[in-house]
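Trainee: here is my input, please return the structure:
(one chain, ligands or ions: 1)
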Amino acid sequence: MSEQTGADAARNVSADREISADGAGDDYEHHGGFPVYEPVKAGPNYGTFVETFRRLQDLMVSTHAPDDVIDRAIEQTEALVELLAPYEVPEGRSPAGFNVELPGRGSALLLPWKIEKFGEDGVRERGMFRRYHLGGNGAAHGGTLPLLFDDLFGMVIHANGRPIARTGYLHVNYRKITPIETELVVDGWVDRVEGRKAYCKAELRDLDGNLLADSEALMIQLLPGQQ
Ligand SMILES: CCCCCCCCCCCCCCCC(=O)SCCNC(=O)CCNC(=O)[C@H](O)C(C)(C)COP(=O)(O)OP(=O)(O)OC[C@H]1O[C@@H](n2cnc3c(N)ncnc32)[C@H](O)[C@@H]1OP(=O)(O)O
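Mentor: Residues are numbered from 1 along each chain as shown. Okay, here's the model as predicted:
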């Protein structure tokens, strides 16, 4: 039997939580005030679309092109905006963020990391900070690490079988320079639970096992009606 990937595990956990439109048979009733999202499956080339856009983001912050090239880039970007704008949809209806087999679940906002493990005992992701995420002198921008940790903690809560929660606080210790364009691994888990409060921890390491940053967050389960 083939081994279950992190993406498979994430999909299975989510499928187990699916409920009917009228809420009957809801075994995952604590959504707070969140709507119940139906995952939107990406088409076969959606991953390539997001990756191409990410490449563009990298180039946006790493090129110094002549003015005539910038003028052509504006024209082509405007054409792209015109192409896509008719397909804008409300929150929860785009494939962005729902496709666990894609880096960053297919959302250009998220770090392009892939889920390697998704279980009650924790979530592991692997990936790189890219040129787009550069802070200074080869290091990832300090603001991009909380983004990685915050999204990871959301998944940790989901994988742990806990109801929807929001981040009350998120603390990051920057232990060593986090390099861009270098493969890294992040692990997150629920450390302890007190009622609605889940205290989560995470560690970001390089492939030699060096601790680059660690984080602790308080994830607070939403009450009915809480947004
Ligand atoms: C197929 C597809 C599957 C894919 C798989 C999907 C995975 C899916 C991933 C999603 C990933 C997104 C994850 C993003 C998660 C965010 O980033 S959410 C955005 C950032 N956070 C926010 O905007 C939260 C804003 N704050 C709030 O809305 C409200 O403060 C909250 C969180 C609802 C809590 O409000 P409240 O119910 O009034 O709670 P309150 O009574 O004040 O506090 C409850 C308890 O927590 C304590 N507390 C509250 N705040 C703090 C604090 N800052 N410090 C210490 N203690 C605190 C209180 O003291 C209290 O303790 P007890 O007295 O009960 O012991």
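Trainee: tell me the pLDDT of the closest residue to the ligand within the chain.
Mentor: Distance from the ligand to each residue of the chain (CB to the nearest ligand atom) is smallest for residue 154, at 2.1 Å. All C-beta spots, glycine's among them, are computed from the backbone N, C-alpha and C. Per-residue confidence for residue 154 comes out at a pLDDT of 97.
Trainee: and the protein, which of its residues are near the ligand?
Mentor: 10-11, 14, 39, 98, 100, 150-151, 154-155, 158, 166-169, 195-197, 218, 220, 222-223, 226 (CB under 6 Å from any ligand atom).
Trainee: so, low pLDDT: which residues of the protein?
Mentor: In the prediction, the chain carries residues with pLDDT under 70 at positions 1-3, 14-31.
Trainee: recalculate using a threshold of 80.
Mentor: Scanning the chain for pLDDT under 80 picks out the ranges 1-4, 13-37.
Trainee: just the strands in it please.
Mentor: 114-119, 122-127, 134-136, 139-140, 165-174, 184-194, 197-206, 211-221 (DSSP state E).
Trainee: for the ones you listed, give me a markdown table that also has mean neighbour count.
Mentor: Supplementary listing: these in a markdown table, determined by neighbours: other CB atoms under 10 Å:
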| stretch | mean neighbour count |
| --- | --- |
| strand 114-119 | 20 |
| strand 122-127 | 21 |
| strand 134-136 | 14 |
| strand 139-140 | 22 |
| strand 165-174 | 15 |
| strand 184-194 | 17 |
| strand 197-206 | 20 |
| strand 211-221 | 20 |
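Trainee: would you turn the ones you listed into JSON lines with distance to residue 76?
Mentor: Written out in JSON lines, the entries for the strands of the chain read as follows (distance: least, CB to CB, whole Å):
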{"stretch": "strand 114-119", "distance to residue 76": "30"}
{"stretch": "strand 122-127", "distance to residue 76": "28"}
{"stretch": "strand 134-136", "distance to residue 76": "24"}
{"stretch": "strand 139-140", "distance to residue 76": "29"}
{"stretch": "strand 165-174", "distance to residue 76": "38"}
{"stretch": "strand 184-194", "distance to residue 76": "33"}
{"stretch": "strand 197-206", "distance to residue 76": "36"}
{"stretch": "strand 211-221", "distance to residue 76": "37"}
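Trainee: so which of the ones you listed comes closest to residue 78?
Mentor: Ranking these by their distance to residue 78 (criterion: CB to CB) puts strand 134-136 first, at 26.6 Å.
Trainee: now do the closest one: distance to the chain's middle.
Mentor: 20 Å (CA atoms, centre = their mean, to the nearest Å).
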